[in-house]
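>>> coordinates only, sequence not included:
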């Protein structure tokens, strides 16, 4: 992913504090392509810099898990319904999904750390503006949609750099992903409950203000972060923007296990995740109040902590197979809400769903980060994210109309049933089911036309 920096910034090759010395802009051409985790002296997981990244991800997740509570409670308070909540969420998800591919190319050409800091600062401004609107009591749906669109575009610049940062900070990639998942899960445990309290004792504006503060703190952590040198030959060498997009696409489609998961995940987003998020928020808040919704989301966070802990201990030989089996548990969440089983049963379903989703997430992230060479990882991760989220805005946008026609409970029951279909589909694809884990320290060849891809990398 990286060669000389197109930004033209001077390099000072021995300075550990230099942004370019630690950024993916470092690296020459040729030579064997090894995962950054193979760099001598890199800590298995914990180091000062990984701790900073760990905190930054936890803070960002804390704010993100507060946002659905703020949107649901705030829009309902101003007379809007499930359709408006779905549109507000889709307004952020659509630009993110549409632009993240370009963000991947940008991350391969510039300093990922600086891009992530800039994205955090933009989102600090957008969420502060949203807080001001709610505090002023003058909230219109189109205003929140515009703010969400800017927020989504900033996220598209931020997200690709996450994939390449983790293996450059820790030798044990799965352990690092598991630790980050636990941090994000702990934030998810606290975030909705905190948002519910802020809504109860302040207003939705207070939640947006707190969300803005999490981006400020995340940017500060990333500002203090120093990335170790990237692997040799880990940046593209002066190619065109369009050429980098094409190479990224070729790398993506060369891996059946990768695009196979993304195709199936489009179904997941359209029929499961897209409708579940706004409908669960609307139904729980309407029936039981914002506090109950915060409690259920905290239960979801507790489940993801459990999944992260399991991912730290278990090292399955077939990671995606194990993750797919764990993902079956997600069906418990929308099904429990759709069946109207009450807050305790919904919370139990949320715990099971969180554990399954968290374990799958670590298995998936580790597979991508260890199976893909560093010089294309940001772009492949961008195609991964774009494909994964492509259908989410549609799922969120149609959640309201579908609930009007079929009833929100029935839509959530369908989401639970479709979870079983998605997990079964993942297990039926040989390339996904039989993919073997890779030692992060082993050489990893690219699949672009200029280099060879070992046939053993992908079972078909």
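Great, that's in hand. Keep in mind that what you see is a predicted model, and the values were worked out from it rather than measured.
>>> contacting residues around the nearest residue to residue 271 once chain neighbours are set aside?
Once flanking residues are discounted, residue 271 sits nearest to residue 418: 4.3 Å by Cβ to Cβ, 6 or more residues apart in numbering. Every C-beta, even on glycine, is put in place using the N, C-alpha and C of the backbone. Residue 418 makes contacts with 267-268, 271-272, as judged by Cβ atoms under 8 Å, 6 or more residues apart in numbering.
>>> To what extent is residue 291 buried, counted in neighbours?
18 (other Cβ atoms under 10 Å).
>>> residues contacting it?
196-197, 200.
>>> most surrounded residue in those?
residue 196 (25 neighbours).
>>> how deep is residue 267 tucked in, by neighbour count?
Other residues close to residue 267 by other Cβ under 10 Å number 15.
>>> returning to what we had before: let's see if you can find the most crowded of the contacts of residue 418.
Neighbour-wise, the contacts of residue 418 (other Cβ under 10 Å) top out at residue 272, 27 neighbours.
>>> number of nearby residues for the closest residue to that one other than its chain neighbours?
Nearest residue to residue 272, sequence neighbours excluded (Cβ to Cβ, 6+ apart): residue 415, at 4.6 Å. As a burial measure, residue 415 scores 27 neighbours (other Cβ under 10 Å).
>>> Look at residue 415 and report its pLDDT.
Residue 415 is assigned 91 on the pLDDT scale.
>>> Residue 41 now?
Looking at residue 41, the pLDDT reads 51.
>>> Over to residue 237?
Reading off the model, residue 237 has pLDDT 47.
>>> And the one 3 residues further on, by the same measure?
Reading off the per-residue confidence, residue 240 sits at a pLDDT of 70.
>>> With residue 18 instead?
For residue 18, pLDDT reads 33.
>>> about what we covered before: could you measure the residue nearest to residue 272 against residue 305, distance?
According to Cβ to Cβ, to the nearest Å, residue 415 stands 23 Å off from residue 305.
>>> still on that earlier bit, so which helix or strand takes in the residue nearest to residue 271?
helix 408-428 (DSSP states H and E).
>>> next helix or strand past the helix-or-strand element of the chain with minimal mean pLDDT?
Least confident helix or strand of the chain, by mean pLDDT, DSSP states H and E, is helix 19-22 with a mean of 34. Moving toward the C-terminus from helix 19-22, the next helix or strand (DSSP H and E) is helix 48-77.
>>> Over that next one, what's the mean pLDDT, rounded is fine.
Across helix 48-77, the average pLDDT comes to 83.
>>> who does that helix touch, helix- and strand-wise?
helix 82-109, helix 112-136, helix 141-169, helix 173-201, helix 204-224, helix 274-288, helix 290-313 (3 or more Cβ pairs under 8 Å, 6 or more residues apart in numbering; DSSP states H and E).
>>> Could you point out which residue ranges in the chain have low pLDDT?
1-43, 82, 229-239, 439-460 (pLDDT under 70).
>>> Relative to residue 284, how far out is the residue lying closest to residue 349 once chain neighbours are set aside?
Using Cβ to Cβ, 6+ apart and skipping the chain neighbours, the partner closest in space to residue 349 is residue 336 (3.3 Å). Residue 336 is 11 Å from residue 284, where distance means Cβ to Cβ.
>>> How about residue 254?
43 Å.
>>> before we move on, what about residue 106?
38 Å.
>>> wouldn't residue 425 be in contact with residue 263 here?
No: the pair residue 425 / residue 263 is not scored as a contact, 9.0 Å apart, by Cβ atoms under 8 Å.
>>> Of those two, which one has the most company?
residue 425 (18 against 12).
>>> ok, the more buried one - contacts?
264, 267.
>>> Could you measure from it over to residue 327?
11 Å.
>>> what's in contact with stretch 355-364?
Contacts for stretch 355-364 (Cβ under 8 Å, 6+ apart): 174, 177-178, 181, 185, 261, 303-308, 310-311, 316, 319-320, 322-324, 326-330.
>>> Residue 138 belongs to a strand?
No: per DSSP: H, G, I helix; E, B strand; the rest coil, residue 138 lies outside any strand segment and is coil.
>>> ok, now how distant is it from residue 257?
Taken as Cβ to Cβ, the span from residue 138 to residue 257 is 50 Å.
>>> Specify which residue of these two has the higher count of neighbours.
Taking neighbours as other Cβ under 10 Å, residue 138 and residue 257 compare with residue 257 leading, 22 against 10.
>>> Can you tell me the element the more buried one falls in?
Assigned by DSSP H and E, residue 257 falls in helix 256-268.
>>> Residue 336 and residue 284 - which one has more neighbours?
More neighbours surround residue 336 than the other of residue 336 and residue 284, with 26 against 22 (other Cβ under 10 Å).
>>> Could you pull up the residues touching the more buried one?
So residue 336 contacts 345-346, 348-350 (Cβ under 8 Å, 6+ apart).
>>> Buried among these? Need that as a selection in PyMOL.
The following PyMOL line selects those of these that are buried, judged by 16 or more other Cβ atoms under 10 Å:
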select buried, resi 346+348+349+350
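>>> Looking at the contacts of residue 336, which two lie furthest apart in space?
345 and 350 (9.7 Å; Cβ to Cβ).
>>> export the contacts of residue 291 to CSV and tack on distance to residue 390?
As requested, the contacts of residue 291 are exported to CSV (distance: Cβ to Cβ, whole Å):
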residue, distance to residue 390
196, 31
197, 35
200, 36
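>>> and of the residues you listed, the nearest to residue 162?
Closest to residue 162, out of all of these and judged by Cβ to Cβ, is residue 196, at 27.9 Å.
>>> So what's the residue count around the closest residue to that closest one other than its chain neighbours?
Computed as Cβ to Cβ, 6+ apart, the closest residue to residue 196 that is not its neighbour in sequence is residue 294, at 3.0 Å. Neighbourhood size, residue 294 [other Cβ under 10 Å]: 28.
>>> Can you give me every residue that contacts residue 294?
69, 192-197.
>>> Likewise for residue 196?
Counting by Cβ under 8 Å, 6+ apart, residue 196 has contacts 69, 290-291, 293-295.
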